[in-house]
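In: below are the sequence and a predicted model for it; my questions follow.
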Amino acid sequence: MASPTAELSHLPKTDGSANFAYGGYTITAAVNGPVEAQRRDENPFEALVDVNVRPAAGVGGTGERQLEAILQPALRHLIPVRNFPRCVIQVTLQVMETPENAYVNPKVMQPRLNLGIIPALLHAAILGLLTAAVPMKTVASATCLVITDADGSSVKVDPTPAEIDQARSVHVLGFTAGRDLLLAESEGSFSADEWATVLQTAEKVCCRSQEAGGDAEMGGYGAESENVQQFMRSVLEAKAAEGLHWR
Amino acid sequence: MAPEVGLSRSTFAKLSPHPYLLANLEPSDDSIPPARSNGRAPFEVRKPTVNLSSLSHAHGSALVRTGDTTVICGIRAETILTDHIPNYRASNTQTELADYDLLVPNIELATGSAPQFLPGGPPTTLAQTLSTKIYTLLHSSKLLRAEDLRIWHNRPAEASFADEEEGAQESEEKEGEKYVVAYWVLYIDLFFISFDGNPFDAAWAATVAALRDTKLPQARYDPDREMILCSRKNPKPLAVESMPISCTAVIFTGKETKDQPADGKFWLLADPDTLEESLCDETVTIVIDCTGGSRKILSISKHGGTVMTAKLLTSKEFLDWASKRWEDFASAITGSQ
């Protein structure tokens, strides 16, 4: 699978923006905030985090509302919302591209939850928040895994849509930079032991960079998947260096 | 008894619910057992009660009540001819339910079921999220089999026009090729009569109970009128063998600010009510099926915080608690049949 690519601050009118592409998904995030909240929504003690997901085609349906409901608590946990009372931080995530599954008829309205897109949405949102200079307590990364029965119950990282369709169970797990489990969403059918294996694998995939030389012990799984936290750091370092070039 | 000083109990609860819940969970007096504001122990759930077939005009229905959350689910089946399905392929026998949208769940949070639901306006985010969750779980748990929703018809054997009239009639008598002429579409309508937290557990239990209660009429195709005719005799129940049950808990951290030390104290509050949901950021929902003795997990979702660690999520206590709740719900659903 191709390595992730990102473009930062490419939208001139927003406070922060980022374009993140990985595994066939391309997401554009636009972040505005903290700005004053509308009277009716405002919370006197903390900032409101408003997440909007827009699909590549058509208008958002119930599936997009569910994606927002998954991303909103995760982002709210990362932002120190208590520092910005009566404010709103608006995160708009526009899906630009999704990988195609040649085996099924595409539907414009997809009422079912699309788990595969969550990692890309989260990464784009975090890059957007960072370029908008919204303070954050920590960053997080997520990964998608499937358990397939094809070759004797194996765990696969970063599945294609066809693999997600045929998998016995699909899992999305997000970890903060401090190795805490931030979000988990699973569907399908699996046992408690498989769940433990999935959690371990996902933690290794998401938090791999932290110990030096961790790649050697990784061995079989995840060797092909990129470490997104490290990638986000290097992209932002490059952007900061470019910004300070005039000095 | 000591005279009341300052605020009364109920005023304290209304003014600052967060410290009130904390004071209840962490009583200063050791002789008082820790409890929540609603009097339940932290892991205690509200006992579910289920009433089946309460609606007379639906093909299957169930009313589920846990505490003050009451939801009624009605299932209405309608037929659709395969000729009217735009992307119909006769060779597709695997993904019919999803491809032809044979399951249509819808959730309505009735005005007056809780103070925050106002009349008019579009469906709230909560209603939309719940209906997606139900839809996704209906498909991912493979609760229903497509063969129960197929309506078959015998295509008369090809009779050549050159034959005599008697000959043509004879060949029509012969067994022709069997093919799917139509499908049943199940409209699963969930209606919250009263709402006091933990909507998904109640809504999902109502869906499962109603599907187990659903009986579809005998249907046959009339080629002359090109429509499906149904008879009320011998309605056929849907084959729903598994019984996935959803168990939700919230995590109360005892601190109103979100910045807390890593070793902060926390409580897992099972089956939260509206007040507890509003005080807690982190929720965990596990859908479990223990039918036939083996424990299968069908979905886990955890959002909004990092207190619930991976270790806790795989811990035996957590899974045993979910299994126990499964037994409660399963006996409530099967007991009322």
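Out: Received, thanks.
In: dump the residue contacts of the residue of the stretch 151-300 of chain B found nearest chain A.
Out: Residue nearest to chain A within the stretch 151-300 of chain B: residue B:300 (4.6 Å; C-beta to the nearest C-beta). Where C-beta positions appear, they are placed from N, C-alpha and C, glycine not excepted. Counting by C-beta atoms under 8 Å, 6 or more residues apart in numbering or on different chains, residue B:300 makes contact with A:184-186, A:195, B:284-287, B:313.
In: which of those tops the neighbour count?
Out: residue B:287 (27 neighbours; other C-beta atoms under 10 Å in any protein chain shown).
In: what lines up beside whichever strand or helix holds that one in the sheet?
Out: Assigned by DSSP states H and E, residue B:287 belongs to strand B:282-289. Here strand B:282-289 has these sheet partners by DSSP bridges: strand B:245-252 (antiparallel), strand B:296-303 (antiparallel).
In: could you measure the residue of the stretch 151-300 of chain B closest to chain A against residue A:87, distance?
Out: In this view, residue B:300 and residue A:87 are 33 Å apart by C-beta to C-beta, to the nearest Å.
In: and for residue 80, the neighbour number?
Out: Assuming you mean chain A. Neighbours around residue A:80, by other C-beta under 10 Å: 16.
In: try again with chain B
Out: Neighbour tally, residue B:80, other C-beta under 10 Å: 18.
In: can you read off the pLDDT for it?
Out: As predicted, residue B:80 sits at a pLDDT of 94.
In: which secondary structure elements does the helix or strand containing it contact?
Out: Residue B:80 belongs to strand B:69-81 when elements are defined using DSSP H and E. Packing partners of strand B:69-81 (3 or more C-beta pairs under 8 Å, 6 or more residues apart in numbering or on different chains; DSSP states H and E): strand B:60-66, strand B:178-194, helix B:199-213, strand B:215-222, strand B:227-237.
In: chain A against chain B: which residues are in contact?
Out: By C-beta under 8 Å from any C-beta of the partner chain, the residues of chain A that approach chain B are A:62-63, A:65-66, A:68-70, A:73-74, A:76-77, A:80-82, A:104-105, A:111-113, A:137, A:176, A:178, A:180-192, A:195-196, A:199-200, A:203.
In: these, buried ones only, as a PyMOL selection?
Out: Buried members of these, defined by 16 or more other C-beta atoms under 10 Å in any protein chain shown, are picked up in PyMOL with:
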select buried, chain A and resi 62+63+65+66+68+69+70+73+74+76+77+80+81+111+112+113+176+180+181+182+183+184+185+186+187+188+189+190+192+195+199+203
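In: center of chain B, which residue is that?
Out: With distances taken as C-alpha atoms, centre = their mean, residue B:204 lies nearest the centre of chain B, 1.4 Å away.
In: just the strands in chain A please.
Out: A:5-8, A:16-22, A:25-36, A:48-54, A:87-97, A:140-148, A:154-157, A:169-176, A:181-188 (DSSP state E).
In: residues of the first one that come out buried?
Out: Neighbour-count burial for strand A:5-8, counted by 16+ other C-beta under 10 Å, picks out A:6, A:8.
In: now do it: everything it contacts.
Out: So strand A:5-8 is contacted by A:17-22, A:127, A:131, A:231-232, A:235-236, A:239 (C-beta under 8 Å, 6+ apart).
In: that one pairs with which strands?
Out: In the sheet, strand A:5-8 lines up with strand A:16-22 (antiparallel) (DSSP bridges).
In: what is the mean pLDDT for the strand it pairs with?
Out: Strand A:16-22 comes out at a mean pLDDT of 95.
In: who are the neighbours in contact with residue A:77?
Out: A:137, A:182, B:258, B:281, B:304-306.
In: which of the residues you listed sits closest to residue B:333?
Out: Nearest to residue B:333, judged by C-beta to C-beta, of those is residue B:304 at 29.6 Å.
In: who's in contact with that closest one?
Out: A:73-74, A:76-77, B:281-283.
In: any chance of the helices and strands packed on strand B:69-81 in CSV with distance to residue A:154 as columns?
Out: Formatted as CSV, the helices and strands packed on strand B:69-81 follow (distance: least, C-beta to C-beta, whole Å):
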stretch, distance to residue A:154
strand B:60-66, 38
strand B:178-194, 35
helix B:199-213, 30
strand B:215-222, 39
strand B:227-237, 38
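In: right, and those - which one's nearest residue A:167?
Out: helix B:199-213 (22.3 Å).
In: circling back: got JSON lines for the contacts of residue A:77, with pLDDT too?
Out: Below are the contacts of residue A:77 laid out as JSON lines (pLDDT from 0 to 100):
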{"residue": "A:137", "pLDDT": "93"}
{"residue": "A:182", "pLDDT": "93"}
{"residue": "B:258", "pLDDT": "54"}
{"residue": "B:281", "pLDDT": "89"}
{"residue": "B:304", "pLDDT": "88"}
{"residue": "B:305", "pLDDT": "86"}
{"residue": "B:306", "pLDDT": "86"}
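In: circling back to that earlier point, looking at the residues of chain A next to chain B, which are in helices?
Out: A:62-63, A:65-66, A:68-70, A:73-74, A:76-77, A:192, A:195-196, A:199-200, A:203 (DSSP state H).
In: by mean pLDDT, which helix or strand of chain A comes out lowest?
Out: helix A:214-218 (a mean of 44; mean pLDDT, DSSP states H and E).
In: quick one: mean pLDDT over stretch B:52-72.
Out: 94.
In: starting at the chain centroid, how far to that stretch?
Out: Centroid displacement of stretch B:52-72 relative to its chain, using C-alpha atoms, centre = their mean, to the nearest Å, is 12 Å.
In: alpha carbons only: can I get that stretch in PDB?
Out: This file holds the C-alpha atoms of stretch B:52-72, laid out as PDB (Å, rounded to 0.1, in the frame of the first residue of the first chain):
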ATOM      1  CA  LEU B  52     -44.700  -9.300  23.100                       C
ATOM      2  CA  SER B  53     -47.400  -8.900  20.400                       C
ATOM      3  CA  SER B  54     -49.000  -5.800  22.000                       C
ATOM      4  CA  LEU B  55     -49.800  -4.200  18.700                       C
ATOM      5  CA  SER B  56     -52.600  -5.900  16.800                       C
ATOM      6  CA  HIS B  57     -52.000  -4.600  13.300                       C
ATOM      7  CA  ALA B  58     -48.200  -5.300  13.100                       C
ATOM      8  CA  HIS B  59     -46.700  -8.600  12.100                       C
ATOM      9  CA  GLY B  60     -44.600  -8.600  15.200                       C
ATOM     10  CA  SER B  61     -44.200  -6.300  18.100                       C
ATOM     11  CA  ALA B  62     -42.500  -6.000  21.400                       C
ATOM     12  CA  LEU B  63     -42.600  -3.500  24.200                       C
ATOM     13  CA  VAL B  64     -39.400  -3.300  26.300                       C
ATOM     14  CA  ARG B  65     -39.100  -1.400  29.500                       C
ATOM     15  CA  THR B  66     -36.000  -0.800  31.600                       C
ATOM     16  CA  GLY B  67     -36.700   1.600  34.400                       C
ATOM     17  CA  ASP B  68     -38.200   4.700  32.900                       C
ATOM     18  CA  THR B  69     -37.000   4.000  29.400                       C
ATOM     19  CA  THR B  70     -39.800   2.400  27.400                       C
ATOM     20  CA  VAL B  71     -39.600   1.600  23.700                       C
ATOM     21  CA  ILE B  72     -42.100  -0.200  21.500                       C
END
